[in-house]
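S.K.: starting from these lines, generate the structure:
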Amino acid sequence: MSKKVILITGASSGIGKETARRLLSEGYIVYAAARRVEHMQELKELGAITVKMDISQENDIKACVDTIIKEQGRIDVLFNNAGYALYGSVEEVSLSDARYQFEVNLFGLSYITQLILPHMRKQGSGKIISTSSVAGKIHAPLGAWYHASKHALEGWSDCLRLEVKKFGIEVVLIEPGSIETEFAQVSGAPMLKNSGNGPYRELAKAVAKVHHNSYKPGAALSPSVVAEKVLQAIKAQKPKTRIALGKMAKPAIIMSRVLSDRAMDSMVMSMMK
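M.R.: From the prediction side, this is the model:
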């Protein structure tokens with residue numbers, strides 16, 4: 001059988017970049033897509049086909065998928081990894097920013113999936129793997145829009161899994177906890193901009209401190225751990241539908257199931273002191 005063709009979004013850093021490296025080492029044909037194409041030169045040198053694509057722009061998405069189908073005739077795996085975290089209080093985050101959070105974390109992801117599914121149905125096989133988060137199972141202050149987008153992705157993926165099963169297509173969710181990525185830097189500055197000077201300023205400073213401590217070197221797991229799990233999901237005939245990993249990911253998900261809302265609230269807020 002010919003080599004599997006894999007498309008990875010958000011491949012310019014962190015989990016996406018590390019997964020691209022790992023899959024290239026296994027001999028797969030890897031298309032690495034991201035806005036910051038200049039950050040993927042290393043992947044290009046390793047054999048990846050790099051594509052400049054903004055996941056919030058439908059024209060970019062369609063051009064990317066059309067190019068792969070034209071060059072390869074198939075797409076075997078879509079790794080929906082592009083995303084970011086918008087933090088700030090519900091009261092202070094603008095709705096335009098909130099809409100963009102969903103545009104990147106859900107709607108762009110959904111559109112690229114829609115374009116690829118007909119090809120996978122024709123093949124009679126395929127895998128849709130998406131980076132969700134432990135945030136898709138729990139809640140935390142100042143993360144309403146980010147958590148909401150991940151909760152939405154969880155439900156969306158569950159429905160998709162039922163719809164495409166008969167076509168030989170598998171749907172997998174990766175639910176990371178603390179992984180060594182740009183998360184703290186990307187979430188921290190906008191959070192303090194949104195809520196660092198108003199009525200939620202003390203909470204914003206506390207949450208920023210938690211993010212810093214959770215993602216500083218040595219506190220979080222390497223993205224290579226996620227890359228290995230993605231590889232296992234690709235190779236498995238029947239992969240797990242959900243893969244939780246990273247420090248505190250599994251315990252947090254379990255506690256969200258067994259604790260009452262008030263007890264979970266207390267536990268979460270105790271971390272903000």
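S.K.: what about the longest strand in this structure?
M.R.: Using DSSP state E, we find that the single longest strand of the chain is strand 169-176.
S.K.: and the following helix or strand past that one, what's buried?
M.R.: Helices and strands here follow DSSP states H and E; after strand 169-176, the next one along the chain is helix 183-195. Buried residues in helix 183-195, defined by neighbour count with 16 or more other Cβ atoms under 10 Å: 183-184, 186-188, 190-192, 194-195. All C-beta atoms are positioned from the backbone trio N, CA, C, and that covers glycine.
S.K.: hang on, Tyr31 in a strand?
M.R.: Yes - counting by DSSP: H, G, I helix; E, B strand; the rest coil, Tyr31 is part of a strand.
S.K.: just want the angle from the helix or strand of the chain with the lowest mean pLDDT to strand 169-176.
M.R.: Every helix and strand in the chain was compared by mean pLDDT, DSSP states H and E; the lowest is helix 183-195, with a mean of 80. Helix 183-195 runs at 70 degrees relative to strand 169-176, counting by axes from the mean of the first three to the mean of the last three Cα atoms, to 10 degrees.
S.K.: which other residues reach helix 183-195?
M.R.: The contact list for helix 183-195 (Cβ atoms under 8 Å, 6 or more residues apart in numbering) reads 14, 84-89, 92-93, 97, 142, 146, 201, 203-205, 207-208, 211-212, 214-216.
S.K.: let's see which of the residues you listed end up in helices.
M.R.: Secondary structure from DSSP state H places 14, 97, 146, 201, 203-205, 207-208, 211-212, 214-215 of the contacts of helix 183-195 in helices.
S.K.: which two among those residues are spaced furthest apart?
M.R.: Gly14 and Arg201 (28.9 Å; Cβ to Cβ).
S.K.: more neighbours, the two?
M.R.: Neighbours were counted for Gly14 and for Arg201 using other Cβ atoms under 10 Å; Gly14 has more, 20 against 13.
S.K.: how about the nearest residue to the more buried one, chain neighbours excluded?
M.R.: Nearest in space to Gly14, with sequence neighbours left out and distances taken as Cβ to Cβ, 6 or more residues apart in numbering, is Thr181 at 3.7 Å.
S.K.: quick one: the helices in the chain?
M.R.: In the chain, the helices defined using DSSP H lie at 14-25, 41-46, 58-72, 95-102, 108-123, 144-164, 183-195, 201-215, 223-235, 249-258, 261-270.
S.K.: can you flag the weakest of those helices by average pLDDT?
M.R.: Note on the helices of the chain: lowest mean pLDDT is at helix 183-195, with a mean of 80.
S.K.: okay, and the beta partners of the most centrally placed residue in the chain?
M.R.: With the centre of the chain defined as its mean C-alpha position, the nearest residue by Cα atoms, centre = their mean is Thr131, 3.0 Å away. The partner list for Thr131 in beta bridges (DSSP bridges) reads Ile174.
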